[in-house]
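Participant: Got a sequence here, can you model it:
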Amino acid sequence: MALNSSLQQINLRERRLQFIRTHLEAFDVEPTFPIPIFEEAVLEIEGTCGIESSCKVEGGRMLAGRFEVCNNQGTTWPESLTHAFTLLDKIESRLGVRINLDSFEQFAAAHIGSRKIINNTIGIHVGLKLEESSVMLYIHIDHHEDPEELARTAIALDGGHYSDELTQVLIRDTMLIGFELFFDGRSHVELCPAAPAQPGELGTRGKYLTPYLHNYCSQKVNSIFRQSSVLIPGFSKAYTNPFFLFYFTHIKDISKCFLFNSLGERIYDFCQNQSCITDAAVVVTESELEKSRLENFCFYYNQRDDCQPNPVDF
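Facilitator: Okay, the predicted model is just below:
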């Protein structure tokens, strides 16, 4: 039994590396530091996990060295922080950079014993220059729990000024709290409420966000929201405009909502030919949606290491 378990874990780890390296090869990304450090962190995770790969498109330029990983079983908060701190320590020691952890450490100290936090995601976003690269830490909040105290701490750390209506959305519907920690010492906090297209699929999440979208966002945002599975906007003092993350369970549905530039088409074509993708997302600002084709956006796709690698009919 122990041997079978060990072999299964080895297979899972190999699948994770395969996902990452297939992505790197497809988009011509050199596996230079800090990507190998992230791969080490991914290999240390026990049990099953999901790998989220993404490409950031800025007109005719694409940044594809972007990955996040979340443990799907076994490890819960705050034990799930172990892999995050190991990754951060390795990056600082091997690359000689200093990462500003102040905001994250203040949040963790305030809520280290919270039972409302399920676990966390860790990720690496590689920029054109080393100092533009960052580590992503996302805190996952149980969607059956009231997130107010967690969201208020994040709002205070963020330092942004939000309307009363939006503050109600953030303290009632936040499901993720993100910390982006750049290699040059910058950092920012983001609050991510969530709303499912079908009410009730995420507990009470979306009760405040859905009417807010209807009242304050464009018809285009609301139309795509209704055709997606989940909408997660991100708000931060660091952003001039919030971004909207539209998740889709079936990749084929994305083409019904978006037209991409040539780089976007390349990413979309690649994803349609991959197995083990559980869902995909397009991240875009409201103003970008008014263009005939998206030029500035992110494209995310998730793969689970325990899925059967057979061709999937999307």
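Participant: For the rest of this, base every contact and every neighbour count on C-alpha atoms.
Facilitator: OK.
Participant: pLDDT below threshold where in this protein?
Facilitator: Along the chain, the parts satisfying pLDDT under 70 run over 1-5, 72-74, 308-314.
Participant: can we see that at 90?
Facilitator: Confidence mapping of the chain against pLDDT under 90 gives the ranges 1-13, 31-33, 44-49, 70-83, 95, 130-131, 240, 275-276, 304-314.
Participant: Okay, helices next: where are they in it?
Facilitator: For the chain, helices defined by DSSP state H occupy the ranges 2-26, 35-43, 81-95, 102-111, 148-158, 164-173, 209-216, 219-227, 262-272.
Participant: Redo these as JSON lines? Include mean neighbour count.
Facilitator: Conversion of the helices of the chain to JSON lines gives the following (neighbours: other Cα atoms under 10 Å):
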{"stretch": "helix 2-26", "mean neighbour count": "15"}
{"stretch": "helix 35-43", "mean neighbour count": "19"}
{"stretch": "helix 81-95", "mean neighbour count": "16"}
{"stretch": "helix 102-111", "mean neighbour count": "15"}
{"stretch": "helix 148-158", "mean neighbour count": "19"}
{"stretch": "helix 164-173", "mean neighbour count": "19"}
{"stretch": "helix 209-216", "mean neighbour count": "16"}
{"stretch": "helix 219-227", "mean neighbour count": "17"}
{"stretch": "helix 262-272", "mean neighbour count": "17"}
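Participant: Which residue ranges of the stretch 201-314 of the chain form strands?
Facilitator: Using DSSP state E, counting those that start in this stretch, the strands found in the stretch 201-314 of the chain span residues 230-234, 243-248, 277-285, 296-304.
Participant: Among the ones you listed, single out whichever gets nearest to residue 76.
Facilitator: In terms of Cα to Cα, the element of these nearest to residue 76 is strand 296-304, at 18.1 Å.
Participant: Just the C-alpha atoms of that closest one, please, in CSV.
Facilitator: These are the backbone C-alpha positions of strand 296-304, laid out as CSV (Å, rounded to 0.1, in the frame of the first residue of the first chain):
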residue,chain,number,x,y,z
ASN,A,296,-4.6,43.8,-23.3
PHE,A,297,-5.8,40.9,-21.2
CYS,A,298,-4.7,37.7,-19.3
PHE,A,299,-5.7,34.2,-20.2
TYR,A,300,-5.7,31.6,-17.4
TYR,A,301,-6.3,27.9,-17.6
ASN,A,302,-6.3,25.2,-14.8
GLN,A,303,-5.1,21.7,-14.9
ARG,A,304,-5.5,19.0,-12.2
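Participant: how far is that strand from where the chain is centred?
Facilitator: Relative to the chain's own centre, strand 296-304 is displaced by 8 Å; criterion: Cα atoms, centre = their mean, to the nearest Å.
Participant: packing partners for it?
Facilitator: strand 49-58, helix 262-272, strand 277-285 (3 or more Cα pairs under 8 Å, 6 or more residues apart in numbering; DSSP states H and E).
Participant: hmm, who's touching stretch 103-113?
Facilitator: Residues outside stretch 103-113 that contact it (Cα atoms under 8 Å, 6 or more residues apart in numbering) are 77-78, 150, 153-154, 157, 179, 187-189.
Participant: ok, of the residues you listed, which one's closest to residue 131?
Facilitator: For those, the minimum distance to residue 131 (Cα to Cα) is 11.9 Å, reached by residue 187.
Participant: how about the helices and strands packed on strand 296-304 in JSON lines, adding distance to residue 125?
Facilitator: Formatted as JSON lines, these follow (distance: least, Cα to Cα, whole Å):
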{"stretch": "strand 49-58", "distance to residue 125": "9"}
{"stretch": "helix 262-272", "distance to residue 125": "17"}
{"stretch": "strand 277-285", "distance to residue 125": "15"}
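Participant: out of those, nearest to residue 166?
Facilitator: That would be strand 277-285 among the helices and strands packed on strand 296-304, by Cα to Cα, at 16.8 Å.
Participant: who does that closest one pair up with?
Facilitator: strand 243-248 (antiparallel), strand 296-304 (antiparallel) (DSSP bridges).
Participant: Need those in a markdown table (columns: distance to residue 71 and mean neighbour count).
Facilitator: Listed next are the strands paired with strand 277-285 as a markdown table, based on distance: least, Cα to Cα, whole Å; neighbours: other Cα atoms under 10 Å:
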| stretch | distance to residue 71 | mean neighbour count |
| --- | --- | --- |
| strand 243-248 | 19 | 23 |
| strand 296-304 | 10 | 22 |
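Participant: Of the helices and strands packed on strand 296-304, which is nearest residue 199?
Facilitator: Comparing the helices and strands packed on strand 296-304 by Cα to Cα, strand 277-285 comes nearest, at 18.9 Å.
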